[in-house]
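> sequence isn't available, so here's the structure alone:
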């Protein structure tokens, strides 16, 4: 008689089968797999602590798992995502005849609260961009530092002009923005491609950055549009981009520089475009959202902005419910 496999090892093996299926059969991106792996590890750790195999989990145990997540102070969005991952694993096991029951089948869907993102005003966005341009135009700081400032201005302008994700911007090849272009081809989530716009100021900022970078490197080309000044062989990191935008926000005198990130420029693009009359379907295409429901948050943002304007500026604001 063959020895029975340890339940913990069985859990890990079955979870890995699901991850492999997501990657090979459904084409999930590396980022999605990494997120799912973190969430799965949380679930597997809880199963191990409670000495449970996946096929031993019932509705009561799933509810205990959720209560444990809530008790540890996780955000509602994180808890909802981890429930989704556990549900996906169990459904996979049923579909593949690797499990006998789905403990999540009768689990009431958790309502996720929609937290509105932090958004810069048009004036604040202009202040951030102008600060970056002013530094990039100063040759007295030396070629190395000026090139770094020029890359910063080019990156900020690209993010705000197009609304692309920071990961998409940092993955752009060096030839993504020729001088005669007004559109960029971006590879987004799920390896989907879309066209995003560029305006003249963004194109000029990119050209200045590329000239200064080439001058510093002695003409040695880089495969990346945005890269460290000294190391053109690799792309700029998200951490470096985050540090630079926070430094620029502080230098620009913004009221909450600690809340500014590259993703905030994506929100600024979407919010300002919607406020200017851009159709939600068009905005969905520009942002690369899979569904219109994600894009609709900018409707809420615009409504929230109008509410605060009325609250703060209306002469009878004492009678307005806030």
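Sure, I can see it. From a predicted model like this one, the values you see are computed outputs, not experimental measurements.

> which residues are in contact with residue 252?
124, 127-128, 130-131 (CB atoms under 8 Å, 6 or more residues apart in numbering). (Each C-beta comes from the backbone N, C-alpha and C, glycine too.)

> which of these count as buried?
124, 127-128, 131 (16 or more other CB atoms under 10 Å).

> need the residues you listed in CSV (columns: distance to residue 21, pLDDT and secondary structure).
Formatted as CSV, the buried ones among the contacts of residue 252 follow (distance: CB to CB, whole Å; pLDDT from 0 to 100; DSSP: H, G, I helix; E, B strand; the rest coil):
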residue, distance to residue 21, pLDDT, secondary structure
124, 45, 95, helix
127, 48, 96, helix
128, 44, 96, helix
131, 48, 96, helix
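
> take those and lay them out in TSV including distance to residue 257.
Below are the buried ones among the contacts of residue 252 laid out as TSV (distance: CB to CB, whole Å):
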residue	distance to residue 257
124	10
127	11
128	9
131	11
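
> for these, which one is nearest residue 202?
residue 128 (14.0 Å; CB to CB).

> how much space is there between that closest one and residue 183?
Distance from residue 128 to residue 183, counting by CB to CB, to the nearest Å: 24 Å.

> ok, now residue 242?
On the measure of CB to CB, residue 242 and residue 183 end up 27 Å apart.

> which of these two has more residues huddled nearby?
residue 242 (15 against 12; other CB atoms under 10 Å).

> name the nearest residue to that one, sequence neighbours excluded.
residue 261 (5.8 Å; CB to CB, 6 or more residues apart in numbering).

> can you lay out the contacts of residue 252 as JSON lines showing distance to residue 117?
Output for the contacts of residue 252, formatted as JSON lines (distance: CB to CB, whole Å):
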{"residue": "124", "distance to residue 117": "14"}
{"residue": "127", "distance to residue 117": "19"}
{"residue": "128", "distance to residue 117": "16"}
{"residue": "130", "distance to residue 117": "23"}
{"residue": "131", "distance to residue 117": "22"}
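
> name the nearest of those relative to residue 27.
Using CB to CB, those come closest to residue 27 at residue 128, 36.6 Å.

> nearest residue to the closest one in space, please, no chain neighbours.
residue 252 (4.8 Å).

> same question, residue 201
residue 157 (5.9 Å).

> repeat for residue 56
Nearest to residue 56 is residue 7, by CB to CB, 6+ apart, at 7.7 Å.

> what is the neighbour count of the one you found?
Residue 7: 16 neighbours (other CB under 10 Å).

> next one, pLDDT for it please.
Residue 7 is assigned a pLDDT of 82 by the prediction.

> what about the helices in this structure?
Per DSSP state H, the chain carries helices over the ranges 7-24, 30-49, 59-71, 76-95, 122-136, 143-162, 166-170, 200-217, 238-251, 262-275, 280-287, 292-295, 297-313.
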